[in-house]
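> fold the following for me, if possible:
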Amino acid sequence: MTFTLPTLTDIRSPALTLTLQHKIDNKTKPLGSLGRLESLALQLGEILGTDAPALQDPQLLVFAGDHGLAARGVSAFPSDVSWQMVENFLAGGAAVSVFSRLNNIALTVVDCGVNHDFLAGLPAGSQRPGLQVRKVPGGEQGTADSSAQAAMTALQCQQAIQNGMALVKALPGNALLLGEMGIGNTSAASLLLSRLAGLEIEVCTGAGTGLDASAVQRKTKVLREVLARHPDATTPLDALAAFGGFEIATMVGAVLQAATERRVIVVDGFIASSAVLVAHALQPLVLQACVFAHRSGERGHEFMLQYLGVQALLDLGLRLGEGSGAALAWPLLQSACAMLREMASFESAGVSEKAETQTAQV
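Residues are numbered from 1 along each chain as shown. Predicted coordinates:
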């Protein structure tokens, strides 16, 4: 099986950027008065290649997987919560379910390696609405314990990335929102941040699902052991295989494919950003298509955003995951596009522009 990653090209057009900026500057408002919404509108226009961008059929994918490292006590919750929360997503009861319904965002859960059979008891070939099963051969129960061996083999890592690419290829719309679920996956994200950004693991490690201070210290100690066990996992794909989760690897493929198709990618919090971190290490231009929804309350996320050189739209202290922050930020993207398409210019509205400043004569 040949493994080929998409090659991204620069999506920015100087002529379009000038057109967009001129259009924004000449709306009926003081120059720059819509703040970050103006830079967001500019970015969305650049991604979609038009000065009248419209977001269509938004798709939120919640990538779910279990982690062998969870057996080392790095989470406040047992691994069974992964499959139980997937059922909650499918039943429409999770936070991201509520926010997606509110904003008319299609929600799909992707079983990338949850230790559970969501089709058990159903006739062969059956499907469940809102669920895609994309388990990797040999990883049906989740990743291996990365403190004992690599979380996944190189082949499994490649297959998960390809699964993510294939998922996005089959989706309608021009916007992809990223979500995830997996007990232990803040540890995987912390490990990826530490190795790929060259940061001390203490800086990258936080409370995850709600650990107290002493438990965070124990978690940090375990993660330091994991890093020491895999000193040669320094390339993006080697680090992803050694430390990552099947849900993170599948998300990496989804991000790369969405960027190739010039879809708007709305990145949720710490774990979703860790997939972008890997994708960026493979293809730096991927950031052009990414809108970072919020800065998570998880400790490492601030440093991850700094390393990538990006700024998030919201800062609400969220650390739930699921794609909840991406869904909450969605109305801002819609507003930015509507401003470009519908807000009047000074000329079209017959409104006088700012007068030229006159130098006082003494």
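> give me the low-pLDDT residue ranges for the stretch 101-250 of the chain?
For the stretch 101-250 of the chain, applying pLDDT under 70 flags no range at all.
> which residues of it fall in strands?
Applying DSSP state E, counting those that start in this stretch to the stretch 101-250 of the chain gives strands spanning 106-113, 131-133, 175-181.
> deepest of those strands, which one?
Ranked by mean neighbour count, the strands of the stretch 101-250 of the chain are led by strand 175-181 with a mean of 29 (mean count of other C-beta atoms under 10 Å). Just so you know, the C-beta spots here come from the backbone N, C-alpha and C atoms, and that holds for glycine as well.
> that strand pairs with which strands, and in what direction?
Using DSSP bridges, strand 175-181 pairs in its sheet with strand 59-65 (parallel), strand 264-267 (parallel).
> so what's Thr4 scoring on pLDDT?
The per-residue pLDDT reported for Thr4 equals 88.
> circling back to that earlier point, which of the strands paired with strand 175-181 sits closest to Val226?
strand 59-65 (17.1 Å; C-beta to C-beta).
> for whatever helix or strand comes next after the closest one, buried residues please.
Later in the chain than strand 59-65, the nearest helix or strand by DSSP states H and E is helix 80-91. Buried residues in helix 80-91, counting neighbours by 16 or more other C-beta atoms under 10 Å, are found at 81-83, 85-86, 88-90.
> go on, stretch 219-229?
219-220, 222-224, 226-227.
> go on, stretch 257-276?
Applying 16+ other C-beta under 10 Å to stretch 257-276 flags 257-260, 262-276 as buried.
> start to end distance for it?
End-to-end span of stretch 257-276 (C-alpha to C-alpha, to the nearest Å): 12 Å.
> now do that stretch: distance to the chain's middle.
Distance, stretch centre to chain centre, for stretch 257-276: 4 Å (C-alpha atoms, centre = their mean, to the nearest Å).
> what of stretch 143-161?
The answer for stretch 143-161 is 20 Å, by C-alpha atoms, centre = their mean.
> can I get that stretch in PDB, CA atoms only?
What follows is stretch 143-161, C-alpha atoms only, in PDB (Å, rounded to 0.1, in the frame of the first residue of the first chain):
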ATOM      1  CA  THR A 143      -3.600   2.200  21.100                       C
ATOM      2  CA  ALA A 144      -1.000   0.300  23.000                       C
ATOM      3  CA  ASP A 145       0.400   1.700  26.200                       C
ATOM      4  CA  SER A 146       3.100   4.200  25.000                       C
ATOM      5  CA  SER A 147       5.000   3.800  28.300                       C
ATOM      6  CA  ALA A 148       5.700   0.200  27.200                       C
ATOM      7  CA  GLN A 149       5.900   0.400  23.400                       C
ATOM      8  CA  ALA A 150       4.900   2.700  20.600                       C
ATOM      9  CA  ALA A 151       1.200   3.600  20.800                       C
ATOM     10  CA  MET A 152       0.700   2.400  17.200                       C
ATOM     11  CA  THR A 153       2.800   0.800  14.500                       C
ATOM     12  CA  ALA A 154       4.000   2.900  11.500                       C
ATOM     13  CA  LEU A 155       1.500   1.100   9.300                       C
ATOM     14  CA  GLN A 156      -1.400   1.700  11.700                       C
ATOM     15  CA  CYS A 157      -0.500   5.400  11.900                       C
ATOM     16  CA  GLN A 158      -0.500   5.600   8.100                       C
ATOM     17  CA  GLN A 159      -3.800   3.800   7.800                       C
ATOM     18  CA  ALA A 160      -5.400   6.100  10.400                       C
ATOM     19  CA  ILE A 161      -4.200   9.200   8.400                       C
END
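> use 4 as the first number from now on
Noted, 4 is the first residue going forward, which turns the last one into stretch 146-164.
> ok, Leu319 to Gln135 distance?
29 Å (C-beta to C-beta, to the nearest Å).
> quick check: mean pLDDT across stretch 284-301?
On average, stretch 284-301 scores 97.
> now that stretch: buried residues?
Of all the residues in stretch 284-301, those buried under the rule 16+ other C-beta under 10 Å are 284-286, 288-301.
> got it, and stretch 303-318?
303-305, 307-308, 310-311, 313, 315-316.
> quick check: phi and psi on Gly95?
phi 80, psi 20 (degrees, to the nearest 10).
> leaving out chain neighbours, which residue sits closest to it?
Arg104 (7.2 Å; C-beta to C-beta, 6 or more residues apart in numbering).
> what is the burial count for that neighbour?
Here the number of neighbours of Arg104 (other C-beta atoms under 10 Å) works out to 12.
> could you do Gly128 as well?
Residues contacting Gly128 under the criterion other C-beta under 10 Å number 6.
> please report phi then psi for it.
According to degrees, to the nearest 10, Gly128 has phi 80, psi 0.
> nearest to Arg39, out of the buried residues of helix 83-94: which one, please.
Using C-beta to C-beta, Phe92 is the member of the buried residues of helix 83-94 that sits closest to Arg39, with 30.2 Å.
> alright, calling it a day.
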